[in-house]
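Colleague: coordinates for the following, if possible.
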Amino acid sequence: MTTAAQPTRQYAVGSLVHARGREWVVLPDSTAELLVLRPLGGADDDIAGVLPGLETVVQATFALPTPSDLGDQQAAGLLRTALRIGFRSGAGPFRSLASIAVDPRPYQLVPLLMALRQDTVRLLIADDVGIGKTVEAGLIAAELLAQGDARGLVVLCSPALAEQWRAELYGKFGVDARL
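Modeller: Residues are numbered from 1 along each chain as shown. Reported below is the predicted structural model:
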């Protein structure tokens, strides 16, 4: 007896899926025929390959929070610390956040999200003075480098700002830039 092959569904890199009774992050080496996955909270040793045509793979879903889930400031601090530690394994949605020396404001993540949705990143960041354009650009650069989607970056700026950019990239994002 022959059966028609199940249609394979392509999952985007970084998306969360449920397979083998747990949640996973889709890694860059994945194809439609073979998903390379790292479990949430797992390390590189826990990476597995899953064949979507032979195993059940669905988009991961999580229950919405309820008012009883609220905690106090101490619980929020513990959650933040746990998230930063968890990001170090690279299983979180952003691989670079645990290795940077800034706490981005929520609006500074918007350009990062916009950049990650583009096949070829082309983004002009033009905000008012003091809003955090350097942080926004650094977040994008650090994330693309951490994900392996970029091997380097070029910053074009006036010579008067070159040393400041170099210092900011190294001090805040761990990017060792050369002038």
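Colleague: contact partners for residue 176?
Modeller: Listed by CB atoms under 8 Å, 6 or more residues apart in numbering, the contact partners of residue 176 are 169-170. All C-beta atoms are positioned from the backbone trio N, CA, C, and that covers glycine.
Colleague: quick check: which element contains it?
Modeller: Using DSSP states H and E, residue 176 is not contained in any helix or strand.
Colleague: report the distance from stretch 136-143 to the chain centre.
Modeller: When distances are taken as CA atoms, centre = their mean, to the nearest Å, stretch 136-143 is centred 11 Å away from the chain's centroid.
Colleague: and for stretch 140-156?
Modeller: For stretch 140-156, the distance to the chain centre is 12 Å (CA atoms, centre = their mean).
Colleague: ditto for stretch 47-65
Modeller: 18 Å.
Colleague: averaged pLDDT, stretch 63-75. What do you get?
Modeller: In this model, stretch 63-75 has an average pLDDT of 82.
Colleague: sec struct for residue 49, please.
Modeller: strand (DSSP: H, G, I helix; E, B strand; the rest coil).
Colleague: ok, it touching residue 31?
Modeller: No. In this structure, residue 49 is not within contact of residue 31 by CB atoms under 8 Å, at 10.2 Å.
Colleague: identify the bridge partners of the residue lying closest to residue 58 once chain neighbours are set aside.
Modeller: Of all residues not flanking residue 58 in the chain, residue 18 sits nearest, at 5.2 Å (CB to CB, 6 or more residues apart in numbering). For residue 18, the beta-bridge partners are residue 23, residue 58 (DSSP bridges).
Colleague: and the gap between residue 18 and residue 163?
Modeller: Distance of residue 18 to residue 163, given as CB to CB, to the nearest Å: 48 Å.
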